[in-house]
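*Asks:* structure for the following, please:
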Amino acid sequence: MENLPTYNQLLETLSHDLNQLSRLIQLGEHLKVYKQKNKELQEQADFITEICDYYDKAHHYPGLLINTLPKSGSVYITHFLARNLQLPILNKVAHGYFPYYYLIPNALDRLLLGNRIAQEHFDANPVNIHWLKKLDIPFVLHVRDPRQATLSWVHHYNQCIREGANNYTVHITPPVDYLNLPLERQIDWHIDTHLVSVTLWLKQWMHALQKEKLNVLVTYYRDLQNDEKSFFDRILKFYHISGKFSDAPNPQKDQNLHFRKGLLDEWKTVFTEQQVERCDRIIGEEIFDFFGWKNEVSIS
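*Replies:* Below is the predicted model of the structure:
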């Protein structure tokens, strides 16, 4: 008992410790401010460097924004353009989960500096339409028959799950024992989830194209398949880039570019009659007519 500190000694020690803690907290706050200022200065330096890089290059191209329906050749298109135009790919000009994405204004500013390309899957929500119109951003809207896009998504999704990769959509959690289900039942789940999202995405863009004044070029997967060089030449013309891709080599079409078979109507030989009917009813005549796809059943 003789070695125990007195009450006053305890108070003095506690007061000293609290003062030390207060100083540490204050230093921590100063450090946060310093880090934030340093981050802002670094961002400004990076921005200036990008401007200098733009003027140092022999070619001055506008920023290319490629907005695609998932599984419509997105990665292949982007890499073809990036390689042949010698453009860096700007990542993350939108954030979210399919089918809900929001454009990031600061990232769009960088894209509009030119000499770069970005690819996203953003929808036609009011926020995105606002920025597209306010900044007068020229962009490519690339679409594919939603039935084939859904089948391609099934295979892509399965591969991602097997490899433990993330699928950033609103339907993240599959049914229990999903990978053990037969393909037909897997497709059923994706029709009820992914195809519904795809249809919503297409319907939003259909309405935007009908009502809004957008600087947009609409392209189709069927055109990419039928005449690839003409497909890319249309994009060049849209962006007022001189030259043609008639002699440009194509990237190798493989899994590295998320490329599987690339067929137009594989779904016709894979989907059951009941699945085809469900797909057509979900998609609806309005979307079929607007984008020029053919429904396989009579929709009442």
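*Asks:* neighbours of residue 276, how many?
*Replies:* 18 (other CB atoms under 10 Å). In this view, the C-beta of every residue, glycine as well, is placed from N, C-alpha and C.
*Asks:* does it sit in a helix, a strand or a coil?
*Replies:* Here residue 276 is helix, with the state taken from DSSP: H, G, I helix; E, B strand; the rest coil.
*Asks:* same check on residue 293?
*Replies:* Going by three-state DSSP: residue 293 is coil.
*Asks:* which non-adjacent residue is nearest it?
*Replies:* residue 145 (5.0 Å; CB to CB, 6 or more residues apart in numbering).
*Asks:* what's around that neighbour, how many residues?
*Replies:* 23.
*Asks:* go on, residue 158?
*Replies:* With other CB under 10 Å as criterion, residue 158 counts 16.
*Asks:* do you know the pLDDT at it?
*Replies:* The model reports residue 158 with a pLDDT of 91.
*Asks:* what comes up buried for the host helix or strand of it?
*Replies:* In the assignment (DSSP states H and E), residue 158 maps to helix 146-163. Residues of helix 146-163 classed as buried by neighbour count (16 or more other CB atoms under 10 Å): 146, 147, 148, 149, 150, 151, 152, 153, 154, 156, 157, 158.
*Asks:* ok, residues contacting that helix?
*Replies:* For helix 146-163, contacts defined as CB atoms under 8 Å, 6 or more residues apart in numbering pick out 69-72, 166-167, 174, 178-179, 183, 186-187, 190-191, 194-195, 198-199, 202, 221, 255, 258, 260, 263-267, 270-271, 276, 279, 283, 287, 293.
*Asks:* quickly find the element holding the closest residue to residue 202 other than its chain neighbours.
*Replies:* Counting by CB to CB, 6+ apart, residue 202 lies nearest to residue 287, which is 5.4 Å off, once chain neighbours are set aside. If you go by DSSP H and E, residue 287 is part of helix 285-291.
*Asks:* distance from the chain centre to that helix, please.
*Replies:* Its chain's C-alpha centre and that of helix 285-291 lie 24 Å apart, by CA atoms, centre = their mean, to the nearest Å.
*Asks:* ok, now stretch 104-112?
*Replies:* 15 Å.
*Asks:* quick one: residues contacting the residue most central in space within the chain.
*Replies:* The residue lying closest to the centre of the chain (CA atoms, centre = their mean) is residue 120, at 3.0 Å. The contact partners of residue 120, taken as CB under 8 Å, 6+ apart, are 65, 66, 67, 68, 93, 94, 101, 103.
*Asks:* which members of the residues you listed occur in strands, if any?
*Replies:* Per DSSP state E, strands hold the following members of those: 65, 66, 67, 68, 94, 101, 103.
*Asks:* ok, the fifth one touching residue 105?
*Replies:* No: Residue 94 lies out of contact with residue 105 (CB atoms under 8 Å); the separation is 10.7 Å.
*Asks:* and these two? which has more neighbours close in?
*Replies:* Each of residue 94 and residue 105 has its neighbours counted (other CB under 10 Å); residue 94 has more, 21 against 13.
*Asks:* circling back to that earlier point, state the phi and psi torsions of the residue nearest to the centre of the chain.
*Replies:* Backbone torsions for residue 120, taken as degrees, to the nearest 10, come to phi -140, psi 180.
*Asks:* repeat for the one 4 residues further on
*Replies:* Reported as degrees, to the nearest 10, the phi and psi values for residue 124 are phi -100, psi 50.
*Asks:* show me what contacts it?
*Replies:* 201, 204, 205, 207, 208.
*Asks:* redo these as TSV? Include pLDDT, distance to residue 110 and secondary structure.
*Replies:* Below are the contacts of residue 124 laid out as TSV (pLDDT from 0 to 100; distance: CB to CB, whole Å; DSSP: H, G, I helix; E, B strand; the rest coil):
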residue	pLDDT	distance to residue 110	secondary structure
201	98	25	helix
204	99	26	helix
205	99	24	helix
207	98	29	helix
208	98	24	helix
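*Asks:* what about the stretch 101-250 of the chain, any weak spots by pLDDT?
*Replies:* In the predicted model, the stretch 101-250 of the chain carries pLDDT under 70 at residues 166-172, 246-250.
*Asks:* for it, which segments count as strands?
*Replies:* 117-120, 139-143, 216-220 (DSSP state E, counting those that start in this stretch).
*Asks:* ok, which of these comes nearest residue 84?
*Replies:* Minimum separation from residue 84 across those (CB to CB) falls at strand 117-120, 10.7 Å.
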